[in-house]
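Colleague: need coordinates for the following:
(2 chains)
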Amino acid sequence: MSRPRPRRRDVVHLVRGGLLLGFSALIAKLFIAGEMVRYMAPALDPLTALTGVAMAAMGAMEIVSGSRHVQGHEHQVDAVEQILTCVLVILPLGLGLLVTPRALGAGALGGESVTRLLLAYAPGSPPAVSGAPPAPPSSIADTADLLAYLQRAGLSGAGQRVRATGLALRADGLGAGEFALLRYAIAHCVADARPLALLVAASGGRALAADQWVEVEGVLAITERDGSRLVTIAAERVRPIPEPPNPYLSAGF
Amino acid sequence: MLQSLPFVLIGVFASGLVQQRLSAETLTRWLPQRRLTVVLLSSVFGFVAPVCDCGVIPLARRLGAKGLPAYGATTFILAAPVVNPVVLLSTAFAFQGNWAIVGLRMAMTLSVAIAVGLAASRLSAGLSSLVPGASLERDDTPVAPGLRGLVSLATAEFYDVIFFIVLGALFTAVAQTFVPRGDLAAIGSRPALSVLTLMPVASLLSICSEADAFVARAFAATFSTGAILAFMTIGQIVDLRNGFLLFRTLRARLTALIVVLSYALVFAEGWLINAVMARP
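Modeller: Predicted coordinates for the structure are as follows:
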């Protein structure tokens, strides 16, 4: 490894600074376009925004230090390694800046059986009692509300009116008129996404496109199948909807 | 890759602070003489410097360049992503306050890190040393003081590691897309096979230590407890995303020792937990 000449060092500083500004621009673009939620959990937004600001500052200082030859901390630079790094970093940067990210769909299940993902009541849950289900703290307007209600009410929630959204998915092992309502829950980012599904029993066999988002309105019910008591929405209305702004649930479920 | 950037930045700024504020003489003066003590201290250093697996290697490289023996740096790299308050709390949250899981996870990680660290301390100095990085030769060259110097150091460190982080992220994305997970559940309850199955899955998925417990919990319905713990332990020690950076940081023989010994120990501990839990 040879110590680079000052002129080459200028270029290295400029390229490094440019790439850091590129990362910062990517983060800004994702926030401005509302696309960050397709990659990351909203809980990490402050940290990600701070990262964007820090990288912008680092990029600007790198460019300035390149033009001024700041003394005191010069690094040995291997030209081949620098070029490889640039090429490898530019690739995801360019893709991120130019391509609109897509939310995870059914293809991300990686061959996992949909019927195994169906949400079931815990084996030891007491049987449902007759009578009106416990009232939810607020209206159940989406899947997150529904899951929170199920955690609280368990089997006794059967009969409660609910509304839920998700990807409609037909699969082997489901009956006529049944489909799975698929959602992904993420803790940090889509790399740790984990799928969960609710059984929907709908009258009529409406055709559903692949990866079609739907909104289901109906009442909670219990379906006994293979020794499990599956959480079921007896659907009264199913309608296609566009993908919601945040397609993922938080990993708390 | 986006998700790891904040944590990589934390790691490179921590590394820059060490370079600015900690002299090699000071570190040498503080370091205990006995190898066992160095290994034990390194294994719990994550409580002082709570960095996840994305940021641990830059900090370990810098500490190594300042004089921390490679076996101490290795122990720190293996233990810190799990044995730190942030990750232990996120594990407790994911498993809904099951502190037995949290304790077992910490115990498994510590045992493997300490065992590998002690084994590494027996290697000859040449084989167990850190690979000299482009900017990390052991030296005490004066660096620019203040914020400008710190940012300069952090930027240099960032460019030393970003190549391997992007490369690891690309391979991980390929693995996450193409590794089939459909038939895993069928073998989830077998005491040995379930452990053996989830370990490479953890290495391929390369999930950050602060998030892997949430994924592990999804496996909990179909996999044995030993397999779940093995998933959370080996995934932070041998993973595709940081593998390239580990090879860049440690000698090949030391890296091979980490992979082989960690896999063997994690498998044995996971299987043992299953065997104990199966007893009436």
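
Colleague: what about the helices in the stretch 101-250 of chain A?
Modeller: Here the stretch 101-250 of chain A has its helices, by DSSP state H, counting those that start in this stretch, at A:114-117, A:143-153.

Colleague: name the single longest helix found in the chain.
Modeller: You didn't pick a chain, so chain A it is. helix A:6-32 (DSSP state H).

Colleague: other chain: chain B
Modeller: helix B:146-178.

Colleague: tell me how far the helix or strand just after it lies from the chain's centre.
Modeller: Scanning forward in sequence from helix B:146-178 by DSSP states H and E, the next helix or strand is helix B:191-205. Relative to its chain's centre, helix B:191-205 lies at 17 Å (Cα atoms, centre = their mean, to the nearest Å).

Colleague: A:Glu35: what's its closest spatial neighbour, skipping adjacent residues?
Modeller: A:Pro101 (5.5 Å; Cβ to Cβ, 6 or more residues apart in numbering or on different chains). For glycine as for every other residue, the C-beta is placed from the backbone atoms N, C-alpha and C.

Colleague: oh, that last question was meant for A:Tyr184, not what I typed.
Modeller: Counting by Cβ to Cβ, 6+ apart, A:Ala193 is the residue found nearest to A:Tyr184 once chain neighbours are left out, at 4.2 Å.

Colleague: give me every residue that touches that neighbour.
Modeller: A:104, A:108, A:184-186, A:248 (Cβ atoms under 8 Å, 6 or more residues apart in numbering or on different chains).

Colleague: swap in 10 Å and give it another go.
Modeller: Residues near A:Ala193 by Cβ atoms under 10 Å, 6 or more residues apart in numbering or on different chains: A:103-104, A:108, A:183-187, A:248-249, A:251, B:176, B:214-215, B:218.

Colleague: roughly how far is the longest helix of chain A from the heart of the chain?
Modeller: 27 Å.

Colleague: ok, how many other residues are close to residue 224?
Modeller: All of this is about chain A. By other Cβ atoms under 10 Å in any protein chain shown, 9 other residues sit near A:Glu224.

Colleague: the chain in question should be chain B.
Modeller: The number of residues packed near B:Ser224 is 26, by other Cβ under 10 Å.

Colleague: state the distance from it to B:Arg190.
Modeller: 8 Å (Cβ to Cβ, to the nearest Å).

Colleague: joint contacts of the two?
Modeller: With Cβ under 10 Å, 6+ apart, B:Ser224 and B:Arg190 have common neighbours B:Asn274.

Colleague: tell me who's in contact with the residue nearest the centre of chain B.
Modeller: Closest residue to the average C-alpha location of chain B: B:Leu78 at 3.7 Å, with Cα atoms, centre = their mean. Going by Cβ under 10 Å, 6+ apart, B:Leu78 touches B:42-43, B:53, B:56, B:60, B:109-110, B:112-117, B:120, B:233, B:236-238, B:246, B:258, B:262.

Colleague: narrow those to those in strands?
Modeller: With strands defined by DSSP state E, no entry of those lies inside them.

Colleague: in helices, which of these appear?
Modeller: Among these, DSSP H puts B:42-43, B:56, B:60, B:109-110, B:112-117, B:120, B:233, B:236-237, B:246, B:258, B:262 in helices.

Colleague: burial count for the closest residue to chain B within chain A?
Modeller: Going by Cβ to the nearest Cβ, chain B is nearest to A:Gly111 of chain A, at 3.1 Å. Neighbour count for A:Gly111, taken as other Cβ under 10 Å: 10.

Colleague: B:Gly103 now?
Modeller: Using other Cβ under 10 Å, the number of residues around B:Gly103 comes to 13.

Colleague: show me what counts as buried in the host helix or strand of it.
Modeller: In the assignment (DSSP H and E), B:Gly103 maps to helix B:99-122. Neighbour counts over helix B:99-122 (16 or more other Cβ atoms under 10 Å in any protein chain shown) mark B:101-102, B:104-106, B:108-121 as buried.

Colleague: do stretch A:153-165 as well
Modeller: Judged by neighbour count using 16+ other Cβ under 10 Å, the buried positions of stretch A:153-165 are A:153-158, A:160, A:162-165.

Colleague: before we move on, back to that, could the helices of the stretch 101-250 of chain A be laid out in a markdown table, adding mean pLDDT and distance to B:Ile207?
Modeller: Formatted as a markdown table, the helices of the stretch 101-250 of chain A follow (pLDDT from 0 to 100; distance: least, Cβ to Cβ, whole Å):
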| stretch | mean pLDDT | distance to B:Ile207 |
| --- | --- | --- |
| helix A:114-117 | 83 | 19 |
| helix A:143-153 | 86 | 22 |
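
Colleague: switch those over to TSV; also include distance to chain B.
Modeller: Listed next are those as TSV, based on distance: least, Cβ to the nearest Cβ, whole Å:
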stretch	distance to chain B
helix A:114-117	6
helix A:143-153	10
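
Colleague: can I get these in CSV with distance to B:Phe13?
Modeller: Listed next are the helices of the stretch 101-250 of chain A as CSV, based on distance: least, Cβ to Cβ, whole Å:
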stretch, distance to B:Phe13
helix A:114-117, 41
helix A:143-153, 35
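
Colleague: right, I'll leave it there.
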